[in-house]
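[1] sequence plus predicted model, see below.
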There are 2 protein chains.
Amino acid sequence: MITIAVDAMGGDNAPRPEVEGSVRAAEEYGVRVLLVGQPQVIRGALASFGKPSLPIDIVPATEVITMEDHPAQAFRRKKDSSVHVAARLVKEGKADAMVSAGNTGAVMTTARFILGTLESVDRVALAAPFPNAKGGVSVLLDVGANVDSKPEHLLQFGVMGEIYYRLTFGSRKPRVGLLSVGEEEIKGNELTRAVYDRLKALPVHFVGNVEGGDLFSGKVDVIVCDGFVGNIALKICEGLAMEIIKYLRKTYKSSFASQVGYLFSKGALKGIKQTMDYAEYGGAPLLGVRGVCVIGHGRSNANAVKNAIRVAAGLARARVNEKIEQELSLTHAQV
Amino acid sequence: MITIAVDAMGGDNAPRPEVEGSVRAAEEYGVRVLLVGQPQVIRGALASFGKPSLPIDIVPATEVITMEDHPAQAFRRKKDSSVHVAARLVKEGKADAMVSAGNTGAVMTTARFILGTLESVDRVALAAPFPNAKGGVSVLLDVGANVDSKPEHLLQFGVMGEIYYRLTFGSRKPRVGLLSVGEEEIKGNELTRAVYDRLKALPVHFVGNVEGGDLFSGKVDVIVCDGFVGNIALKICEGLAMEIIKYLRKTYKSSFASQVGYLFSKGALKGIKQTMDYAEYGGAPLLGVRGVCVIGHGRSNANAVKNAIRVAAGLARARVNEKIEQELSLTHAQV
């Protein structure tokens, strides 16, 4: 049985969504869950579901990393944090994967240092799924694990992203695009121009350069970029969606105060929020670490946690890292 | 009297919005307009407004650059395009500024080659105004004139953006931020880390690093970045806003088909579109060229063209380039 270590203390509303999501995942997906954190708090939340027969155990961790903690400092100073302990469970083979909705920087730092990086991977990458206009999902990576990427890093992101997409979203031949400032091969910066031909030579379905708008167009499944660009892209999407929601809420309230209109607008706004929230798509996996690590948004609700557990279990079950090592060793031989 | 050369053939619906915008600008702002393009077509559009006494003249240009034309090729092959002729009018001192809603790449290339670059400027920058959550405007630059910027280019963007903001949006001390992946000074890539201290040393109000979401938060007025990042940012905003509008339209139609609801939703959608459309804020100036060049969105309506003429006239009247040369010579001495 696949075992998932869930950081029960990480999200903005922890441990409630973590515990509820774990209970539902254990019921629906047949996984075993280790809830990591302060036992009393977790036990309290767990008791309210009254499902003592589920394969859920509590693993104690005394410290909690907050959203305000500095990632590297949190890693060094809070050795008994729930993130730390969850990562150690994976490292020691007691869990197949870890899931956290905590401080993204701290989870990345901790996972990278404790789990280490795969043999054939130079840099890990955080992959963020986005809903697209075709009703599917497009994945952007790296969204912030690295900056100043070299061409070989982007190649590795392409291979890892393609494997993650295949295993998670059920596409047999995901289309891979390179994020740039124009579709022609010569458009781009030094990095993208250096990587274009090499991506073409890889055994992935590379469709060429794509532009910023293609994050949502559904033209490609996997979009490769440097982490500086990807992180800014991700933050822009979150920021803009939030502003549009605020704008609409204000417009609705000022110009259309009827009961019906307000109820209606609430539904539409909730819809955008859900559509935009990458937690709904199972969180963002940190690809390239030895082990499986899926990071959810701090605002993750129980459903998002459940989805993240589903994605983490799926990646562990499909032996994502063996596939990455295999394909990258071919790639290293080739390019 | 300030004279503006308006590319009458550039926008998606040319020449109607260009001509109407010019007529209204001539009436409201006391500027003279040279409408550049195919005389018969322009004359036809102009006649329908019946304002023969306004200071509007037609300057013939036989060729038209389309949105599909390749920028560099269009520049080389269509020497008598309306963009080309408009740029030459500025170069020859027959106009103080040019305005075009045409193919952005072609307008940038043409303006850069024909007008040339200011003495103290190494690279020109395209500056895009965005509405922000505080009800004001934030400007992002460069959004695509350059990639692979060096630290000194970003410094120049900061100075030019600050001057443009001051002259256009009436703020005496605009706050300048550096687009990065975290607020702390050490966060960022090689480029932003190299530029941080040097931006601090400039005589602009530098407030530090800002993140992707701050394009809309209103925390800063001027946001400096490399053109690769800025172009992707701009395209993401356009793409995401369009998708949200499509999503809402679909939701409205499927779940709330009453007359009232539809009319209401149309207003809200139009509001987002307008709020998001940078043409409403007077187009994007190409800063650093010898002369004033303002580029509008291809979808620019008459109001957007009028606004672009207002901004172009304002920059010319305030002698934006003298100010840029002055401040940059101080900057060169200092850093």
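    In hand now; what should we look at?

[2] for the rest of this, base every contact and every neighbour count on C-alpha atoms.
    Will do.

[3] would you agree A:A316 is in contact with A:D96?
    Yes: between A:A316 and A:D96 there is a contact at 6.1 Å, judged by CA atoms under 8 Å.

[4] quick check: closest non-adjacent residue to A:G208.
    A:G177 (5.3 Å; CA to CA, 6 or more residues apart in numbering or on different chains).

[5] thought that neighbour was touching A:G212?
    No: counting by CA under 8 Å, A:G212 is not a contact partner of A:G177; they are 11.2 Å apart.

[6] where along the stretch 201-335 of chain A do the helices fall?
    For the stretch 201-335 of chain A, the helices defined by DSSP state H, counting those that start in this stretch occupy A:214-217, A:227-255, A:259-276, A:302-317, A:320-334.

[7] least confident of those, on average?
    Ranked by mean pLDDT, the helices of the stretch 201-335 of chain A bottom out at helix A:259-276, with a mean of 58.

[8] and chain A, which residues reach chain B?
    Where chain A comes near chain B, counting by CA under 8 Å from any CA of the partner chain, the residues are A:133, A:144, A:147-148, A:180-181, A:188-190, A:211-217, A:228-229, A:231-241, A:243-244, A:247-248, A:251-252, A:256, A:261, A:264, A:268, A:272.

[9] what residues does stretch A:220-232 touch?
    A:125, A:137-149, A:154, A:157-158, A:161-162, A:165, A:174-179, A:207, A:210, A:214-215, B:180-181, B:188-189, B:211-213, B:229, B:233 (CA atoms under 8 Å, 6 or more residues apart in numbering or on different chains).

[10] Produce a ChimeraX select command limited to the buried residues of these.
    Of those, the buried ones go into a single ChimeraX selection, burial set by 16 or more other CA atoms under 10 Å in any protein chain shown:
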select /A:125,137,138,139,140,141,142,143,144,145,146,147,149,154,157,158,161,162,165,174,175,176,177,178,179,207,210,214,215 /B:180,181,188,189,211,212,213,229,233
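
[11] narrow the contacts of stretch A:220-232 to those in strands?
    The strands, defined by DSSP state E, take in A:125, A:137-141, A:175-179, A:207, A:210 from the contacts of stretch A:220-232.

[12] now, which of those sits nearest B:L35?
    Using CA to CA, A:V210 comes nearest to B:L35 of those, at 35.6 Å.

[13] residues in contact with the closest residue to that closest one other than its chain neighbours?
    With CA to CA, 6+ apart as the criterion, A:V210 has its nearest non-adjacent residue at 5.1 Å, and that residue is A:L179. Counting by CA under 8 Å, 6+ apart, A:L179 makes contact with A:192, A:209-212, A:223-225.

[14] let's go with 7 Å and repeat that
    A:L179 sits next to A:209-212, A:223-225 when contact means CA atoms under 7 Å, 6 or more residues apart in numbering or on different chains.

[15] that one and A:K187: what is the separation?
    10 Å (CA to CA, to the nearest Å).

[16] also A:N146?
    Per CA to CA, A:N146 is found 23 Å from A:K187.

[17] A:M98 now?
    39 Å.

[18] and what of A:H297?
    33 Å.

[19] what about the nearest residue to A:S81 once chain neighbours are set aside, neighbour count?
    Closest residue in space to A:S81, ignoring its immediate chain neighbours: A:E63 at 4.1 Å, by CA to CA, 6+ apart. A count of nearby residues for A:E63, using other CA atoms under 10 Å in any protein chain shown, gives 19.

[20] test my guess that A:E63 contacts A:V85.
    No: with contacts counted by CA atoms under 7 Å, A:E63 stays clear of A:V85, the gap being 9.6 Å.

[21] give me the pLDDT for the residue nearest to A:S81.
    Per-residue pLDDT puts A:E63 at 94.

[22] wait, what's in contact with it?
    So A:E63 contacts A:78, A:80-82 (CA under 7 Å, 6+ apart).

[23] how near is it to A:R88?
    In terms of CA to CA, A:E63 sits 14 Å off from A:R88.

[24] ok, now A:I56?
    A:I56 is 18 Å from A:R88, by CA to CA.

[25] now do A:Y247
    Relative to A:R88, and taking CA to CA, A:Y247 is found at 44 Å.

[26] of these two, who's got more company?
    A:R88 (19 against 16).

[27] what residues are up against that one?
    Applying CA under 7 Å, 6+ apart, the residues near A:R88 are A:I114.

[28] can you count the residues close to A:I244?
    A:I244: 21 neighbours (other CA under 10 Å).

[29] lowest mean pLDDT among the helices and strands of chain A, which one is it?
    helix A:259-276 (a mean of 58; mean pLDDT, DSSP states H and E).

[30] picking up where we left off before, so which of the contacts of A:L179 is the closest to B:A304?
    A:G212 (23.7 Å).

[31] what residues does that closest one make contact with?
    Counted by CA under 7 Å, 6+ apart, A:G212 has contacts A:179, B:232-233, B:235-236.

[32] any idea of the pLDDT on it?
    95.

[33] check A:T110 too.
    Looking at A:T110, its pLDDT stands at 96.

[34] from what I can see A:P129 touches A:D142, true?
    No: at 11.0 Å, A:P129 and A:D142 do not qualify as touching, with contact defined as CA under 7 Å.

[35] state the distance from the most centrally placed residue in chain A to A:T104.
    In chain A, the residue lying closest to the centroid (CA atoms, centre = their mean) is A:A284, at 0.3 Å. Counting by CA to CA, the gap from A:A284 to A:T104 is 10 Å.

[36] mutual contacts of the two, please.
    By CA under 7 Å, 6+ apart, the residues touching both A:A284 and A:T104 are A:I295.

[37] related to what we said a few turns ago, the more surrounded of A:M98 and A:K187?
    Neighbours per residue (other CA under 10 Å) separate A:M98 from A:K187, with A:M98 holding more: 33 against 15.

[38] can you tell me the SS state at that one?
    Put simply, A:M98 is strand when judged by DSSP: H, G, I helix; E, B strand; the rest coil.

[39] tell me what it is bridged to.
    The partner list for A:M98 in beta bridges (DSSP bridges) reads A:A5, A:C293.

[40] hang on, isn't it packed against A:G296?
    No: because the distance of 10.9 Å does not satisfy CA under 7 Å, A:M98 is recorded as not touching A:G296.

[41] skipping adjacent residues, who's closest to A:E119 in space?
    A:E119 sits nearest to A:E325 (CA to CA, 6+ apart), 7.2 Å away.

[42] the one you found: how many residues sit nearby?
    With other CA under 10 Å as criterion, A:E325 counts 18.

[43] gap between it and chain B?
    28 Å (CA to the nearest CA, to the nearest Å).

[44] surely that residue meets A:D122?
    No: counting by CA under 7 Å, A:E325 does not reach A:D122; the two are 11.6 Å apart.

[45] what's the overlap in contacts for these two?
    By CA under 7 Å, 6+ apart, no residue touches both A:E325 and A:D122.

[46] if I look at A:V204, how far off is A:K173?
    8 Å.

[47] quick one, which of those two is more surrounded?
    Using other CA under 10 Å, the more surrounded residue of A:V204 and A:K173 is A:V204, with 17 against 14.

[48] so what touches stretch A:233-245?
    Contact with stretch A:233-245 is made by A:143, A:269, B:133, B:211-213, B:216, B:233, as judged by CA under 7 Å, 6+ apart.

[49] now do stretch A:33-42
    A:3-9, A:15, A:22, A:26, A:55-62, A:82, A:86.

[50] among those residues, which ones are in helices?
    Residues of the contacts of stretch A:33-42 located in helices (DSSP state H): A:22, A:26, A:82, A:86.
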